[in-house]
Structures are given as structure tokens and as C-alpha cells.
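Engineer: what shape does this take:
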Amino acid sequence: MNYKVQEFNIHSENAAKPHTMPSSYLSNYLNNLEVSGYALDFGCGKLRYSSSLVNKFSFVTFMDSQIQLERKQMIRGVKTTVSEYVCNNYPNANTISFENIKSIDRSYNFILCSNVLSAIPCISTINDILCGMSKLLEENGEALIVNQYKSTYFKKFEIGMRHLYGYIYQNSSRAFYYGLLNEEVVGGLCLKNGLSIKRSWSKNGSSYVIAGKN
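Structural biologist: The predicted structure is shown next:
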């Protein structure tokens, strides 16, 4: 999605990382989940964790912005779109855009939201995402919200403009927003948007928050 912050144009879809760059810790966590049923990858990007989800759950919905789902790009080694890749490779899955979130007529046992909030420089959109997650969760469902907030790699962004929870950084070709959301910040946002906190922790510079319906 495109965000205008002062003189900066930020395309959050450019922050998505390929499937070759997963977090081994998060991958192991997903592979060992005891939850089953329906899952939602809220901000699926380039399907970085799709294999773990489709092998674990009976049905998976992959959600992102319309532009992220429909633009041609490299997806798991194939030049295609996210929607086409899911349709051609995952019989137990579908895609839906964030813009069409209100059309979803099912609830989910598990929601993954990995490194999504940290790429969004707009508090109203962050609130919309968390409210959407609250509405889509089963009564006893869990949402795992992950955000990397600490890394030596982030040091260079501190020369950028301070904004919201992090920085806007302009390189030679485009602008990026990097939000540094630790577990306390994410927990506070969840509580303000209809979610309860079941537990939270930090690992390797990333915050992990398990949220449920309030």
C-alpha cells in the first residue's frame, strides 16, 4: 500500500522478504503449533511462511494489499503473482485483499501477523489491522503478532526522520518506514483495539505477542 508522509512516498509492499529469508525460530514455532483448523496469514507478503501454514492447517487464507497480491514478482522461485501461486500450488488455501476484508465470512483458529505492523507508517491502518484481527478470530483463537525491533542493521535508519514508532529512511531509489515495536508497544496497541494479551516474549531482537479476543 502507498503512504504519503510529508515528502516521502512509502510503498509498504516493498518491505516483504522472500521465502529464502525466514526466521528459523518462527518457522519452528509454527511447525510445532498444536492449533488446527483455519488459519489467516495477515500480511502474507511473498509467502515467506506459507509452507508451514498449509502443512499445519486444514485451510489457510493469505491476505495482503491488492497490489501485493496481484503484481508480478518472484514468489518462491517463480515469476508470478501471490494470488496465482496460491491458486496453482495450495489446494487448501485462498487469497483475499485487505481492501476486501469485510467480505470474509469465516473466523480463524489462528492468525499470523509477521513483520507487518512495523512496515506501516500510519496509526489508523495499524488500528484497522488489529481491529480486523479481533473480528476474525474464533472465540478461543490465537493471533501471533511478530515484529523485529532490534538489530545492528537498523542503526543506519536512525539518520532518517523519526516517525511514529521508528524512522523513515530514504535511499537512492525509494523511502522505507521501519517501526521498532517491542512487546510492550504491541501489547498496548492490541489492548486498544479489542484484543487481549495471552502472553508475550522477545527472541533474537523480535517481539512475539499472542493475542486473543477481548
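Engineer: elements contacting the longest strand along the chain?
Structural biologist: Using DSSP state E to define each element, the chain has its longest strand at strand 137-148. Other helices and strands packing on strand 137-148, by 3 or more CB pairs under 8 Å, 6 or more residues apart in numbering; DSSP states H and E, are strand 108-114, helix 183-192, strand 206-213. Just so you know, the C-beta spots here come from the backbone N, C-alpha and C atoms, and that holds for glycine as well.
Engineer: contact partners of the next helix or strand after it?
Structural biologist: Per DSSP states H and E, the first helix or strand lying C-terminal to strand 137-148 is strand 161-163. Strand 161-163 is touched from outside by Val5, Gln6, Phe8, Pro121, Tyr167, Ile168, Tyr177, with contacts defined as CB atoms under 8 Å, 6 or more residues apart in numbering.
Engineer: about what we covered before: out of the helices and strands packed on strand 137-148, which is the most enclosed?
Structural biologist: Of the helices and strands packed on strand 137-148, the one with the most neighbours on average (mean count of other CB atoms under 10 Å) is strand 108-114, at a mean of 24.
Engineer: what about it, average pLDDT?
Structural biologist: Regarding strand 108-114, the rounded mean pLDDT is 98.
Engineer: buried residues, the longest strand of the chain. List them.
Structural biologist: By 16 or more other CB atoms under 10 Å, the buried positions in strand 137-148 come out as Leu137, Glu138, Gly141, Glu142, Ala143, Leu144, Ile145, Val146, Asn147, Gln148.
Engineer: mind putting these in a markdown table, distance to Pro18 and pLDDT included?
Structural biologist: A markdown table is the format used below for these (distance: CB to CB, whole Å; pLDDT from 0 to 100):
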| residue | distance to Pro18 | pLDDT |
| --- | --- | --- |
| Leu137 | 28 | 97 |
| Glu138 | 31 | 97 |
| Gly141 | 28 | 96 |
| Glu142 | 26 | 97 |
| Ala143 | 24 | 98 |
| Leu144 | 21 | 98 |
| Ile145 | 21 | 98 |
| Val146 | 17 | 98 |
| Asn147 | 19 | 96 |
| Gln148 | 16 | 93 |
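Engineer: thank you, goodbye.
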